[in-house]
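Asker: the following comprises the amino acid sequence and a computationally predicted model.
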Amino acid sequence: MRRFIEGFLSIPLLFAIITILAYGLLLPFTGFYWDDWPFAWIAHFLGPAEFIPAFASFRPFLGPIFFLTTSLIPTVPIYWQIFALIIRFLLVLTTWWMFKSIWPNHPRSALGASLLVLIFPGYSQHWVALTHINQELIPLIFYFLSFGFTARVVRSVVEPDPGGQINSRSKQSRFFPLTVAAILLQICGLFPTEYFFGLEIMRLLFIFAILTQFNIVARFIQALRYWLPYLAVWLLNAIWLMYYYNSGVYASYDTAGLQTPSIQLILVDLLDTIWKTGFYIWIQIIDLLARSPSLPSSILAMVLLVLSFVLLYIYLSRFQFQESRSKAFGPQLLIIGLAGILAGRLPSLAAGLPLKLQSSYDRFMVSIFLGGSLFAVGILETLIRNNRIRIVLLALLVSLGIGQQFFNANIFRRDWEKQGQIYWQLSWRIPGLQPNTVLLTHQMPIDYETDLSFTAPINWLYAPDYQNGTLPFAMLYTEKRLGGPTLPTLEPGIRINFPYRTVEFDGNTSQAIVLYMPPSGCLRLLDPDKGDAVTYQRESRYLVEAIPLSDTDRILTEDRGSVKPFFIREPEKDWCFYYTHAELARQQGDWQKIMTLWDEALTQGYSPSDPVEYLPFVEAAARSDDFKMVETMTKIMTNGSPSAHNALCVLWNRLLEDTTIDNATRSSIRLQDTGLNCAP
């Protein structure tokens, strides 16, 4: 059995299994998120070479990484999710090699810290794959490799060879190539992104930890000596960042308006970072599952957590490590880990950015992977002397991390499902769009996509043959953009012009369509001519004030056939399928088609969750003189729904003003109007 464990069930296989358990179980049900969309759109329509100018004003050294990966991987979501899984596996292998290079006499701790880096539960952004793999995890692999080579450099000089010589010629001959490799990898990890700017201090601490044969003063002097080449590169990067941020070229976070926080606020933030990273993230899955323990996803996460713990305990307990015993080792890990936590937080803290768990802001945890994992292992090594208990606690921490990452994966699965609903409902409701149209809404009920995220797939959907030039379409959130340079006001005739990486959108507030996607309900295009400003008066003012700009004539109502979000599988027909098609038929005046859609929906057992969604069917029934259906729907709509009451009053008043309505129908409508006590 031991031979089997040590052979086939090797540590790399353990890493592979945990990678799949933590990140791969829901992989087929995840897709593109956040900045993935504009990056995928650039790669697909403009080509990988476009990333070089696209990043010229925003981390210019990232361009070559995006160019290389997008040249190799098609813009298909599942390919990028698989690639993310591979990068995760390579990251943990790199981490393991790095730790073994720094602490070769502590293989158990090296394995434990590597496992914690792999499942680090404070970071939930793994599934934003095209963005974060290129932007952070690939540079992080380079940085960890650089740390490992530095450890090899130091050990190649200071450790005695079998003959007892410390500075033998053979060891000196390895010093230069290893140092060059470490510096080149440092450049590849440091310059593409400012995320890891603070981590360089850890290299000094690692070197200090290796130089155990010197007294404390000589140890520090020697550590500084070996660190000098890397310090020079770090200072060069600091000079570059200072120049770049102040050159007028840089266009990312708005650091110009940031105020310098007080010492007290900085200390509070750093203490909060230590609490979150050193303690809370390891148990946050328990808190999250306790909020909704009966949900299927919570039950699955708990089952996975328990199974992972059992398997990990069995697996880890069978490894026989030759571990050096040292009372100073645990506190050493604690100190280095604490320094890594604080150093990893500094770049985002300096930019004034918060560190919020379970949000897009927890991407800043990527620079705290290293420190947080070493801190946790340091606690185990310092406080727990019994090896079996230590294994139990390590298995528990890793399994909690696996459960947390599965929980995160399910959040992104739901997000992808919601995206699919939005894009398909758009394609059902809007067969085509006139160019230079801006879609306005106050915001979408979705967590990981912004208005500029939506801009890319909307162009993908409605301009599938785009090659170059002005961007045909855009989406803007009025709540976020109103009053800024992108959307100064909601007055008609105001130019809307903004860059979108290397292209730009050029439109006008008079070339807009206002849409509304409720948290529970179907996509709706709002029309001032249908009185939607009254119907939706209870919604956000950022939505209501935009409705007068909505021009639904910009919709090309003919079925072009090719307008399909092929990048997301078409969902099964549901109520929103019938509703959006009914709204399109309503715009076309095809009342018979609406009645047919109603019959089909009724046959399938579908009905709206929001009474306002009865409107196109009520109007079709009224125009078709089916007032029995009108009365039935009216009773349903007005049952405790002020918005539906207002919507019906607007509908009846509009129909009464319609000169094409005959007198008999008009009389029936007046009865409905009177029954609702609509204001004149």
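Answerer: Received, thanks. Numbering: from 1, shown residues only.

Asker: please make it C-alpha for all contacts and neighbour counts, starting now.
Answerer: OK.

Asker: pretty sure L355 is touching Y361, no?
Answerer: Yes - assessed by C-alpha atoms under 8 Å, L355 is found in contact with Y361 at 5.7 Å.

Asker: so which of the two has more stuff around it?
Answerer: Between L355 and Y361, counted using other C-alpha atoms under 10 Å, L355 has the larger neighbour count: 21 against 16.

Asker: now do the SS call for that one.
Answerer: The three-state label given to L355 by DSSP: H, G, I helix; E, B strand; the rest coil is coil.

Asker: and the pLDDT for it?
Answerer: For L355, the model assigns a pLDDT of 91.

Asker: same question for Q672.
Answerer: Q672 is assigned a predicted lDDT (pLDDT) of 64.

Asker: and the gap between G401 and L316?
Answerer: G401 is 16 Å from L316, where distance means C-alpha to C-alpha, to the nearest Å.

Asker: the strand or helix carrying Q419: how far from the chain's middle?
Answerer: Assigned by DSSP states H and E, Q419 falls within helix 387-429. Centre-to-centre, helix 387-429 and its host chain are 12 Å apart (C-alpha atoms, centre = their mean, to the nearest Å).

Asker: same thing with stretch 239-246?
Answerer: On C-alpha atoms, centre = their mean, the centre of stretch 239-246 falls 28 Å from that of its chain.

Asker: now do the contacts for D574.
Answerer: 601, 606 (C-alpha atoms under 8 Å, 6 or more residues apart in numbering).

Asker: actually L304, sorry about that
Answerer: Per C-alpha under 8 Å, 6+ apart, neighbours of L304: 402-403.

Asker: same check on the one 4 residues further on?
Answerer: For S308, the contacting residues are 399, 402, taking C-alpha under 8 Å, 6+ apart as the criterion.

Asker: which residue packs closest to the residue nearest the centre of the chain, ignoring adjacent ones?
Answerer: For the chain, the residue nearest the mean C-alpha position is V128 (4.4 Å; C-alpha atoms, centre = their mean). Once flanking residues are discounted, V128 sits nearest to Y33: 5.4 Å by C-alpha to C-alpha, 6 or more residues apart in numbering.

Asker: now name the helix or strand holding L68.
Answerer: Counting by DSSP H and E, L68 is part of helix 63-72.

Asker: the helix or strand just after that helix - contacts with which helices or strands?
Answerer: Downstream of helix 63-72, the first helix or strand assigned by DSSP H and E is helix 77-102. Under the contact criterion of 3 or more C-alpha pairs under 8 Å, 6 or more residues apart in numbering; DSSP states H and E, helix 77-102 touches helix 11-19, helix 107-119, helix 129-132, helix 138-158, helix 200-210.

Asker: please repeat the previous calculation with a cut-off of 7 Å.
Answerer: Secondary-structure packing of helix 77-102 (3 or more C-alpha pairs under 7 Å, 6 or more residues apart in numbering; DSSP states H and E): helix 11-19, helix 107-119, helix 129-132, helix 138-158.

Asker: can you give me the offset of that helix from its chain's centre?
Answerer: Put simply, helix 77-102 sits 19 Å off its chain's centre (C-alpha atoms, centre = their mean).

Asker: kindly report the same for stretch 40-51.
Answerer: Taking C-alpha atoms, centre = their mean, one finds the center of stretch 40-51 at 20 Å from the center of the full chain.

Asker: now do the buried residues in that stretch.
Answerer: In terms of neighbour count (16 or more other C-alpha atoms under 10 Å), stretch 40-51 has its buried residues at 40-44, 46, 48-51.

Asker: quick one: the strands in the chain, in order.
Answerer: Assigned by DSSP state E, the chain shows strands spanning 432-433, 437-441, 473-477, 495-500, 503-508, 512-516, 524-526, 555-556.

Asker: what would those look like in TSV with mean pLDDT and mean neighbour count?
Answerer: Below are those laid out as TSV (pLDDT from 0 to 100; neighbours: other C-alpha atoms under 10 Å):
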stretch	mean pLDDT	mean neighbour count
strand 432-433	92	20
strand 437-441	96	25
strand 473-477	96	24
strand 495-500	93	16
strand 503-508	94	18
strand 512-516	96	24
strand 524-526	95	23
strand 555-556	91	16
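
Asker: nearest to S453, of those?
Answerer: Counting by C-alpha to C-alpha, S453 lies closest to strand 473-477 out of the strands of the chain; the figure is 8.6 Å.

Asker: got the contact list for that closest one?
Answerer: Residues outside strand 473-477 that contact it (C-alpha atoms under 7 Å, 6 or more residues apart in numbering): 435-443, 451-452, 454-455, 458-459, 505.

Asker: need the contact list for P12.
Answerer: Per C-alpha under 7 Å, 6+ apart, neighbours of P12: none.

Asker: where in the stretch 51-200 of the chain is pLDDT low?
Answerer: Residue ranges of the stretch 51-200 of the chain with pLDDT under 70: 160-173.

Asker: pretty sure R219 sits against L211.
Answerer: Yes - using C-alpha atoms under 7 Å, R219 is in contact with L211, at 6.0 Å.

Asker: intersection of neighbour lists for the two?
Answerer: Contacts common to R219 and L211, judged by C-alpha under 7 Å, 6+ apart, are absent.

Asker: can you list the domains in the chain?
Answerer: As assigned by automatic domain parsing, the chain contains the domains 13-252+260-413, 430-571, 573-680.

Asker: got the end-to-end distance for the first one?
Answerer: Okay, so that is domain 13-252+260-413. By C-alpha to C-alpha, one end of domain 13-252+260-413 lies 26 Å from the other end.

Asker: ok, residues contacting stretch 506-524?
Answerer: Outside stretch 506-524, the residues that touch it by C-alpha under 7 Å, 6+ apart are 422, 425, 436-441, 444-445, 470, 490, 492-498, 525-526, 546-547, 549-552, 576, 609-610.

Asker: for the stretch 551-680 of the chain, which segments count as helices?
Answerer: Here the stretch 551-680 of the chain has its helices, by DSSP state H, counting those that start in this stretch, at 575-588, 591-603, 615-623, 627-637, 642-656, 663-675.

Asker: all set, thanks.
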